[in-house]
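Engineer: Need a 3D model of the following:
(chains A and B)
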Amino acid sequence: MARDMIQLPVVNDPTARCGTARSCGSATIPSLQATGPALIAALLASQQSLSAVDEFERWHHATAVASLPARVDSPRYRALLPAKPLEAGQQYAFEVDLDRCSGCKACVTACHTLNGLDEQETWRDVGLLIGGSRTAPVIQHVTAACHHCLEPACMIACPVNAYEKHPITGIVRHLDDQCFGCQYCTLACPYDVPKYHAGKGIVRKCDMCSQRLAVGEPPACVQACPHEAIAIRVVNRDQIVEDAEAAVFLPAAPDPQHTYPATTYKTARSFPRNLLPADYFRVNPQHAHWPLVVMLVLTQMSVGAFVAGLTYVRLLETQAVPGLQALHAVNSLAFGLLALSASVFHLGRPQYAFRAVLGLRHSWLSREIVAFGLFASLAIVYAGALLATNLWLYDEASLLRAVLRVCASPWIGWTVATSGVVSIFCSVMIYVFTRRECWSFTRTVIRFALTLALLGLTAAWLSVLVATLVQPSTELLFIVRERGPVLCRTLMALAAMKLAWEAAIFRHLLFARMTSLRRSALLQIGELSNIALARYALGLLGGLVMPSLLLNALPALSSATLIPFAAMSGLLLVANLAGELMERNLFFAACASPRMPGGIR
Amino acid sequence: MSPPSGEPAAPSLIRLVDRSGPLTNELLLEPARFGLGMTPAGLQADAVTGSVCGFCSTGCNLNIHLRDSIAVGVTPAANHPVNLGMACPKGWEALSVLDAPDRATTPLLRGASGRLEPVGWDVALRSLVNRLKEIQSRHGPHSVAFLSTGQIVTEEMALLGALAKFGMGMLHGDGNTRQCMATAVVAYKQAFGFDAPPYTYGDFEESDVIVLVGSNLAIAHPILWQRVMLNRRRPEIIVLDPRATETSMAATQHLPLYPKSDLVLFYGIARLLIEREWIDREYIEAHTTGFEEFTAFVKPYTLPEVAMATRLSVEAIERCAATISQGQRVSFWWTMGVNQSHQAVRTAQALINLALMTGNMGRPGTGANSITGQCNAMGSRLFSNTTNLLGGHDFANPDDRRKVANVLGIDEARIPREASWPYHRILEGILRGEIHALWVVATNPAHSWINQGQAHDILGRLDFLVVQDMYHTTETAQRAHLVLPAAGWGEKEGTFINSERRIGLTRKVRKAPGEALADFHIFRLIADYWGCGEMFRQWDSPASVFQLLKRLSAGQPCDMTGIKDFGSLAERGGVQWPFPAGGHDHRQERRLFEDGQFFHEDRRARFIVEAPRPMPEQPNEKYPFLLLTGRGSAAQWHTQTRTAKSAILRKLYPSDLYVEINSQDAGRLAVRTGDILRIASQRGELRARALVTPTVQPGQVFLPMHYEATNVLTDAVFDPYSHQPAYKACAVTVETAR
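Structural biologist: Modelled structure (predicted):
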């Protein structure tokens, strides 16, 4: 412990009055001898003057700076930094001595201050574990920042390669200028480490104070912990993998096998088995990500519409109705384009959207973006060709006409649909990659597939409706009357399946254990109950009530009853679409995310 | 491991890869001067000064980073003897709380509309003087009282006390230090002959047995807890607290005694020590008096009796006593668990007795040590001119009055011959129609006073309530007739005295917002408008007042005449009293009573005892739970008028009031963490989120004190000697909220 203060000679002079402003600190301003309002004015002026500080500082400069011990040179820190250089197969990591962490949270404020973070921004969190028995109670604070994982989910997920893991130190660094603010890393990281900064449109995170380590200074949190609970250590990567196998990372923390966090939490105690985070029973809605909600629902609607269009060409004998196929293709495309424009709003820096191609080798988001780009391009060609061939004069044969005919062929149509399905598979994988239970492969596939089918059919219904309204020919009316019931019944079956599937989450309310699915269910009957209620009401209305009303109304469909038919169909469309948007909102907001133990909330 | 490469940072819309650029540069660190290490641009300073933190009594020294003389950031000062380069979250965020939008920036006067309206200083001061003089002329000079604080600098409290009593003719004034330190004051005064905490922080590192009583040191004083963690002697740490806390987690022995059974326990331990001859007879004979009576008194406190009263096992008590006896350097530390109780003074003295009888006094790592609360509680104890005449003198002593009158150059007749009423008696005086106007400075009784409903009723009866505060939104300011906008810590200069008696300097490094003025300036203005400005001519700046205070301290145990001025305080990193002129002990850390000479006439310390009394409001059929209150987190300070202003600190503690309840009780109520509970006492009720935890005992619940609602429940019971409120125990009922 070096704490020898600068021992300066002390003058013991009891009678010494404040001789100079320099030694006294505050100069007496003559006008302060005034009285009444003049004194007020003088004191207000004096209050705004910082001249006293100047006086001090001159002193401070002259005498103290040279001998002022450096904050970061304290020998105390030496034991908290690696003693030896890194060898192959090793990396740097935080080591937290839980027996020394008292929960003062100085590390959080120091990280904030010493890294120059914004007013609300923190990169470190301190959680609390509670457990044990009456005779042996346990409370354990847990400080955590980035774990600089062996397989960082943030880095793998990032579509623009804005993360890099330093080949020698293993530090996972975020390249702020490369980030385009998709926030996928905030979903992918099981430890809630990358923090989105809405003002800047990017994510920022802990880099183990690389700039400090580079000059031999301890990171901010290490410097600031009064109890020396945080250290930087050299760890063997193999060891981390082995430890993760035994899941000895930290009680109540996410499974370390997902990303192989490098942080070591050490303790000499043995924790009781009932140790739980202080926020364990609190369920909090997650961010709803509205642009993503719109994007997911409408891309699925679009792809579904293409599939439905190709399927019901036969079913509806749409060839009989000139233009319906083209109209439907254009409709389907419109939903797709709307979806893709919505997705842009999710980016903090949409001007860099093109960078999304960079992560194709590892990021499902990259793949999704590229796949949807391909889908949209093909869909434009296909829908455009269909439209053109419909508007084209029949008697004129040309090469262009031949090309258009090929482009408008069902073969291309199926290519569009396939590329759409592939894109949606990428969408699915984006969420599956996060390993959240409510976003498991099965749950997400079933959800997205049913939305695709349900909204695809709804879109098909819309196209028929529009066509009928534009040109209520007897042919068309006949087709709708004859084939409509099949559509309605299919719709009802799909809607019933989907609603039942979604409502199955509520079975988790019957189990006592606080699983992540139970949290989702609790959110849907708790804080998000309004959205959940709206979701099921709209689902029933659009998926069951309206189709059954239409079923009744269809036999009597004629050009005279077209308006009520159109109104009912419109309601069906709006209810189904709104219902799915609500469903997707819950998909995000009611999905309990894994996280490090949190504090009392 | 190189800093971001210096490739050109030309932001371009078509660049596929930007490894650096403007966003990266925002977080670039640069080597700073002044030993500050790598520093972000926002903290880069052209000068650095040190200043003592203005929250708790630890007295950490903070580096203030200055740019053009204005503070832009704070880091803890390296190698300062108090904090050793560390700070708690409050210290790190000390500057950010100054920028709050609800800072009082102009005087506010309650007008005819009933609302507080902005007025100029001239109007405000005239109203204050007119109203107070009018009330004094109608009800007598003593019908106006003031409530001071442990949060302002010593020079300000001295000016306030002198102005109010010698200038404005008041008799009664007290401080919010009554709520935290009054017990230690009385306990020390009676036992040692002067209010003298004997220790230095280094004692935490020097002990081989550390006994912590009613103290969650790890959370309440994280920077002092640092010293315990730095102790290389593998100390036994004994924690006496009904709750399991962060501190008890690190203890080698935690005695979760029944609340308020501590006095019985200490008498029982004393009996055991005497019985087994585990005492230092030599020390007792040489330096104490009253040991025989003490021995006779503790006789009935047999182990089985004590075990029953404390609900501890006989083995646990025996082990604790044995550990104390075996320790070579045993230190006893107490905080609010002792101070805020119905028999607080005697409990503190029971600890002093244990230290005396085992000879654990005046040596490194020993002592019966009270850890103070507020940054300048010790300054208030010596210089607030409330209970004590300035400088730890006695109002009743003519010699003391003469000395003070001489130093200050005032007419001795202006000095009252009796001490002020304590805080609760002043409030009672309002109820009884004896006090009609109250001047509240930098404290928030409408939140912090015990039995809040009654406190509101009392404050509501005042003819005139003046609140002088940094923020116009405190619960008390909202009730005021006149709000005076005060500059806060960092916007003015002066000295604080910390727990270990260290006088340290705090600096003016920010401009106060709007027309807010340093409390010192406000007092000067009031003196001028009152017409007694002449009396305070020589009180023209904190620095010159410091010279007055030095002279007042001359010859007292707290003699600080050896300190030259503010500059020398800064140079030395603060100076512990005593530091008399001509003294030879210039060590950076010093403890009292190394020679075994106490401050009583006979130079001996006293054993003081009294039969324990039962807890005033015990759990009963209607209110079956016992409510404990205390500090919540290290990021919260008292009524949160300041700490709630930092966005970062707000992230570090729960936004809603929560109540800790044992798993067993929670099970019976079918309550899980996060559910809302209704808690009621005879005096009021509140709602809080349950935190189910085995750390509180069954039948007990714990509420943090920082939330406004908590004191709705507490019971206005006071220690008979220190008049400190007993916040720590009252009976409540707990049920699920419907």
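
Engineer: which secondary element of chain A has the worst mean pLDDT?
Structural biologist: Lowest on mean pLDDT, DSSP states H and E among the helices and strands of chain A sits helix A:21-24, with a mean of 37.

Engineer: Show me the helices in the stretch 301-450 of chain B, by range?
Structural biologist: B:303-310, B:314-326, B:336-339, B:344-357, B:377-383, B:398-408, B:423-431, B:445-448 (DSSP state H, counting those that start in this stretch).

Engineer: Run the chain-centre distance for the fourth one.
Structural biologist: Mean-position distance between helix B:344-357 and its chain equals 20 Å (Cα atoms, centre = their mean, to the nearest Å).

Engineer: CA atoms only for it, dumped as CSV, please.
Structural biologist: Provided in CSV are the C-alpha atoms of helix B:344-357 (Å, rounded to 0.1, in the frame of the first residue of the first chain):
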residue,chain,number,x,y,z
ALA,B,344,-29.1,4.4,21.9
VAL,B,345,-26.7,6.3,24.2
ARG,B,346,-26.4,3.5,26.7
THR,B,347,-25.9,1.0,23.9
ALA,B,348,-23.1,3.0,22.4
GLN,B,349,-21.6,3.3,25.9
ALA,B,350,-22.0,-0.5,26.4
LEU,B,351,-19.6,-0.8,23.4
ILE,B,352,-17.3,1.8,24.9
ASN,B,353,-17.4,-0.2,28.2
LEU,B,354,-16.3,-3.4,26.3
ALA,B,355,-13.4,-1.5,24.6
LEU,B,356,-12.3,0.0,28.0
MET,B,357,-12.5,-3.2,30.0
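
Engineer: what comes up buried for it?
Structural biologist: When burial is assessed from 16 or more other Cβ atoms under 10 Å in any protein chain shown, helix B:344-357 yields the following buried residues: B:344-357. Quick note: C-beta positions are derived from backbone N, CA and C, even for glycine.

Engineer: How about the first one?
Structural biologist: Of the residues in helix B:303-310, B:303, B:306-307, B:309-310 count as buried by neighbour count, 16+ other Cβ under 10 Å.

Engineer: possible to save those as JSON lines with distance to residue B:182?
Structural biologist: Listed next are the buried residues of helix B:303-310 as JSON lines, based on distance: Cβ to Cβ, whole Å:
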{"residue": "B:303", "distance to residue B:182": "33"}
{"residue": "B:306", "distance to residue B:182": "27"}
{"residue": "B:307", "distance to residue B:182": "31"}
{"residue": "B:309", "distance to residue B:182": "26"}
{"residue": "B:310", "distance to residue B:182": "25"}
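
Engineer: returning to that earlier point: so which of the helices of the stretch 301-450 of chain B is nearest chain A?
Structural biologist: helix B:314-326 (11.0 Å; Cβ to the nearest Cβ).

Engineer: orientation of that closest one relative to helix B:303-310 in degrees?
Structural biologist: Counting by axes from the mean of the first three to the mean of the last three Cα atoms, to 10 degrees, helix B:314-326 lies at 110 degrees to helix B:303-310.

Engineer: What average pLDDT does helix B:314-326 get?
Structural biologist: Helix B:314-326 carries an average pLDDT of 97.

Engineer: how about that helix: buried residues?
Structural biologist: B:316-321, B:323-325.

Engineer: tell me the angle of that helix relative to helix B:344-357?
Structural biologist: Angle, helix B:314-326 to helix B:344-357, by the same axes, to 10 degrees: 50 degrees.

Engineer: Just the closest residue of chain A to chain B, please.
Structural biologist: Going by Cβ to the nearest Cβ, chain B is nearest to residue A:116 of chain A, at 2.7 Å.

Engineer: I'd assumed that residue was in a strand, is it?
Structural biologist: No - judged by DSSP: H, G, I helix; E, B strand; the rest coil, residue A:116 forms no part of a strand; its state is coil.

Engineer: list the contacts for it?
Structural biologist: Counting by Cβ atoms under 8 Å, 6 or more residues apart in numbering or on different chains, residue A:116 makes contact with B:26-27, B:29, B:40-43.

Engineer: Report the separation between it and residue B:370.
Structural biologist: In this structure, residue A:116 and residue B:370 are 40 Å apart, going by Cβ to Cβ, to the nearest Å.

Engineer: so what pLDDT did residue 50 get?
Structural biologist: By default, I'm working from chain A. We have a pLDDT of 84 for residue A:50.

Engineer: I was after chain B.
Structural biologist: Residue B:50 carries a pLDDT score of 90 in this model.

Engineer: Also residue A:58?
Structural biologist: If you check residue A:58, the pLDDT there is 46.

Engineer: Please apply the same query to residue A:76.
Structural biologist: We note a pLDDT of 83 for residue A:76 in this prediction.

Engineer: With residue A:392 instead?
Structural biologist: Note for residue A:392: predicted pLDDT of 66.

Engineer: now the strands for the stretch 401-550 of chain B?
Structural biologist: When assigned using DSSP state E, counting those that start in this stretch, the strands of the stretch 401-550 of chain B occupy the ranges B:437-441, B:464-469, B:482-485, B:491-497, B:502-508.

Engineer: Tell me which of the ones you listed lies nearest to residue A:351.
Structural biologist: Smallest distance to residue A:351 across the strands of the stretch 401-550 of chain B (Cβ to Cβ): 43.9 Å, for strand B:491-497.

Engineer: quick one, that closest one and strand B:502-508 angle?
Structural biologist: Using the same axes, to 10 degrees: strand B:491-497 against strand B:502-508 is 180 degrees.

Engineer: and residue A:556, how many neighbours does it have?
Structural biologist: Other residues lying near residue A:556 total 11 when counted by other Cβ atoms under 10 Å in any protein chain shown.

Engineer: Equivalent analysis for residue B:463, please.
Structural biologist: When neighbours are counted by other Cβ under 10 Å, residue B:463 registers 18.

Engineer: contacting residues around the nearest residue to it once chain neighbours are set aside?
Structural biologist: Excluding the flanking residues, the one nearest residue B:463 by Cβ to Cβ, 6 or more residues apart in numbering or on different chains is residue B:436, at 4.5 Å. For residue B:436, the contacting residues are B:135, B:138-139, B:143-144, B:430, B:462-464, by Cβ under 8 Å, 6+ apart.

Engineer: What residues of stretch B:469-480 count as buried?
Structural biologist: Residues B:469-477, B:479-480 are the ones in stretch B:469-480 that count as buried (16+ other Cβ under 10 Å).

Engineer: from the residues you listed, which is closest to chain A?
Structural biologist: Using Cβ to the nearest Cβ, residue B:470 comes nearest to chain A of the buried residues of stretch B:469-480, at 13.2 Å.

Engineer: residues contacting that closest one?
Structural biologist: With Cβ under 8 Å, 6+ apart, residue B:470 has these contacts: B:103-104, B:442, B:485-488, B:516, B:641-642.

Engineer: again, but for residue A:201
Structural biologist: Applying Cβ under 8 Å, 6+ apart, we find residue A:201 in contact with A:180-181, A:347-349.

Engineer: swap the cut-off to 7 Å and go again
Structural biologist: A:181, A:348-349 (Cβ atoms under 7 Å, 6 or more residues apart in numbering or on different chains).

Engineer: Neighbour-wise, give me the winner out of those residues.
Structural biologist: Neighbour max across those (other Cβ under 10 Å) = residue A:181, 20 neighbours.

Engineer: Which residues are in contact with it?
Structural biologist: Counted by Cβ under 7 Å, 6+ apart, residue A:181 has contacts A:201-203, A:347-349.

Engineer: how about it, secondary structure?
Structural biologist: Look at residue A:181: counting by three-state DSSP, its state is coil.

Engineer: In three-state terms, label the closest residue to it other than its chain neighbours for me.
Structural biologist: Excluding its sequence neighbours, the residue lying closest to residue A:181 (Cβ to Cβ, 6+ apart) is residue A:348, at 2.0 Å. Secondary structure assignment for residue A:348 (three-state DSSP): coil.

Engineer: Good, we can wrap up now.
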